[in-house]
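Colleague: Below are the sequence and a predicted model for it; my questions follow.
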Amino acid sequence: MRLSRLFTRTTKNVPADETARNAQLLIQAGYIHKEMAGVYAYMPLGLKVLENIKGIVREEMNNIGGQEVLMTTLQPRDIWEKTDRWDEKKVDNWFKTKLANGTELGVGLTHEEPIVDASGNYVNSYKDLPYYVYQIGNKFRNELRAKSGLLRGREFLMKDMYSLARSQEEHEQMYEKAIEAYHRVYDRLGVGDRTYRTYADGGIFTTRFSDEFQTLSDVGEDKIFVDEAKQVAINEEIMTDENLAKLGLNRDDLVEKRGVEVGNTFHLESKYTDALDVYYTNEQGERRSIIMGCYGIGVSRLMGVVAELFSDDKGLVWPEEIAPAKVYLVRIGGDEAVRHADELYEELKSKGVEVLYDDRDARPGEKFADSELMGIPYRVTVSDRLIESEKYEFTTRKTGETSELTRSDLFAKL
RNA sequence: CGGGGUGUGGCGCAGUUGAUAGCGCGCCCGGUUUGGGACCGGGAGGUCGAAGGUUUGAGUCCUUUCACCCCGACCA
């Protein structure tokens, strides 16, 4: 992509209506556009990051046998009444709307009911199970207060997966397998070492604990207590002596931290399947309940977390795997530099290297500053100074290290 | 929803005791520049969140309302 043609532009001024660092940086760098409180649009670079994160999540879910679907945002009332979740006293952050004829609809905030309802068409026999199905799509929640940029919005991108198992044992296996996949997702995003499986409240339909995935950060909304040795944590909201005993945790081993909930997995037992009258028949021809689990990852929230955590005084610092481009190509100088840079740009593209080419007629300082604000992992500078020696300046965003490379060394690096 | 704060060109801001708006960035034109967000000259662009009111006169005062931010509550 040539920067001269990029839809967005960077800005020197920090947006006044954002105090969250992730939102400030992402807006300044042109990744996102604020539509209203808690609702952000993704501009070309931001969408690229989002898609890259989705790609990682998708790979890991596929890897454990997940099948991707896309459920609908508009939801019929009746299936939610069957599980008694239509009532605003039960779920108070519903967005609801109406058809022209007055029929009430819900705007999707989670998808247990529709997934289970749909599975009723396909699941009859023990031979039809087990399954993981998942989707990546927008969720709508009427939060009383949106805050912290991408970290708590009213419209946000979420991956939600559901497992349907034939027995408790099968469910437990699937559940743990999903959790392993979650850890791989966080590792690949570079937040694995600071993301803890955290025991939390199981939700309204079960007495069991759920597992949250909490990424340590000062901006986190949740207070958690980490057991470093065991690599687990417990959410403050369930921190009672009784629960600690149940979980085998000692108060003395726990350190208080703040975390951002980047994922949450639940044991749903058979509450939803039973309520929606979806069962299977076992080998003996008997009707049996289906045991469910559900597994969420806040995709857009993760983008915010990464932006928040991996940034410095100059701007964003994307991990290579999700950066919108691998290389930020700066050109400095006259016609000859233009020729060289154009050529290098084409060659990088042809080799499949994603590159943002700063072909603007701007001064070097501005280009360097933008490359840093945007957080592109590598900067390659084609300068009239270096043309004669046939070298390129190569700078790593994360470390700031700069070196001069020959053409072949440059391609080897990239 | 309770408390606090803020709405003035695209962005960030100033506007004293009321007299129909100004600065920086950005943008356009010309010129000089060209390795860390250049400089000079010339321009375009706002009716001050919205509605109503007080007044000879309102960005400045009053009322209502909308939006945004922060704290809290809330967040299966």
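Modeller: Here it is on my side, so go on. Numbers count the residues shown, from 1 in each chain, chains lettered A, B, ... in the order given.
Colleague: Run through the residues that contact the closest residue to RNA strand B within the stretch 151-300 of chain A.
Modeller: The minimum distance from the stretch 151-300 of chain A to RNA strand B, using Cβ to the nearest atom of the strand, falls at A:Gly203 (2.7 Å). C-beta: built from backbone N, CA, C; applies to glycine. Neighbouring residues of A:Gly203 by Cβ atoms under 8 Å, 6 or more residues apart in numbering: A:Ser210, A:Phe266.
Colleague: any idea how far A:Glu112 is from it?
Modeller: Separation of A:Gly203 from A:Glu112 (Cβ to Cβ, to the nearest Å) stands at 10 Å.
Colleague: Over to A:Ile136?
Modeller: For A:Ile136, the distance to A:Glu112 equals 16 Å [Cβ to Cβ].
Colleague: Helix, strand, or coil at the residue of the stretch 151-300 of chain A closest to RNA strand B?
Modeller: Secondary structure assignment for A:Gly203 (DSSP: H, G, I helix; E, B strand; the rest coil): coil.
Colleague: do the same with A:Thr399
Modeller: Classification of A:Thr399 by three-state DSSP places it in coil.
Colleague: who's in contact with A:Gln28?
Modeller: Per Cβ under 8 Å, 6+ apart, neighbours of A:Gln28: A:Thr10, A:Thr11, A:Lys12, A:Asn13, A:Val14, A:Pro15, A:Gly315, A:Leu373.
Colleague: again, only using 10 Å
Modeller: A:Gln28 makes contact with A:Thr10, A:Thr11, A:Lys12, A:Asn13, A:Val14, A:Pro15, A:Glu18, A:Gly315, A:Leu316, A:Leu373, A:Met374, according to Cβ atoms under 10 Å, 6 or more residues apart in numbering.
Colleague: Between all of those residues, which two are separated the most?
Modeller: For those, the maximum inter-member distance is 17.5 Å, found between A:Glu18 and A:Met374 (Cβ to Cβ).
Colleague: Neighbour count for these two, which is higher?
Modeller: For A:Glu18 versus A:Met374, neighbours defined as other Cβ atoms under 10 Å are more numerous around A:Met374 (27 against 17).
Colleague: Surely the more buried one and A:Phe368 touch.
Modeller: No: counting by Cβ atoms under 10 Å, A:Met374 sits too far from A:Phe368 to count as a contact (11.0 Å).
Colleague: Need the overlap of contacts for these two.
Modeller: A:Tyr328, A:Asp358.
Colleague: Of the contacts of A:Gln28, which ones also sit close to RNA strand B?
Modeller: The residues of these that also fall near RNA strand B, by Cβ under 7 Å from any atom of the strand, are A:Thr10, A:Thr11, A:Lys12, A:Asn13, A:Val14, A:Pro15, A:Glu18, A:Leu373.
Colleague: follow-up on the earlier one: so what sits against both of A:Gly203 and A:Glu112?
Modeller: A:Phe266, A:Leu268, A:Lys271, A:Cys294.
Colleague: out of the residues you listed, which are inside helices?
Modeller: Counting by DSSP state H, those place A:Lys271 in helices.
Colleague: can you narrow the shared contacts of A:Gly203 and A:Glu112 to ones near RNA strand B?
Modeller: Among the shared contacts of A:Gly203 and A:Glu112, RNA strand B is touched by A:Phe266, A:Cys294 when using Cβ under 7 Å from any atom of the strand.
Colleague: Below-threshold pLDDT in chain A: ranges please.
Modeller: For chain A, the stretches flagged by pLDDT under 70 are A:204-206.
Colleague: what's the domain layout of it?
Modeller: What automatic domain parsing lists as the domains of chain A is A:12-312, A:327-413.
Colleague: which residues does A:Met1 contact?
Modeller: Contact analysis of A:Met1 by Cβ under 10 Å, 6+ apart lists A:7, A:44-45, A:48, A:324-325, A:345, A:349, A:354-357, A:359.
Colleague: if we can go back for a sec, of the ones next to RNA strand B among the contacts of A:Gln28, keep whichever come out buried.
Modeller: If you count burial by 16 or more other Cβ atoms under 10 Å, the buried members of those come out as A:Thr10, A:Glu18, A:Leu373.
Colleague: Among those residues, which one lies nearest to A:Gly285?
Modeller: A:Glu18 (60.5 Å).
Colleague: The stretch 251-400 of chain A against RNA strand B: which residues are in contact?
Modeller: So the stretch 251-400 of chain A meets RNA strand B at A:264, A:266, A:294, A:296, A:314, A:332-333, A:363-366, A:368-370, A:372-373, A:381, A:383-386, A:393, A:395 (Cβ under 7 Å from any atom of the strand).
Colleague: Buried among the residues you listed? Need that as a selection in ChimeraX.
Modeller: To isolate the buried members of those in ChimeraX, using 16+ other Cβ under 10 Å:
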select /A:264,266,294,296,332,333,368,369,370,372,373,381,383,386,393,395
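Colleague: top strand in chain A by residue count?
Modeller: strand A:254-269 (DSSP state E).
Colleague: which neighbours does that one have in its sheet, and in what orientation?
Modeller: Strand A:254-269 has its sheet partners listed here by DSSP bridges as strand A:210-216 (antiparallel), strand A:222-227 (antiparallel), strand A:291-298 (antiparallel).
Colleague: Please give me every residue in contact with A:Gly153.
Modeller: A:Gly153 sits next to A:23, A:35-40, A:138-141, A:143, A:146-147, A:298, A:300-301, A:304 when contact means Cβ under 10 Å, 6+ apart.
Colleague: for A:Ala23, same thing?
Modeller: A:15, A:17, A:31-32, A:34, A:40, A:147-151, A:153, A:304, A:307-308 are the contacts of A:Ala23 under Cβ under 10 Å, 6+ apart.
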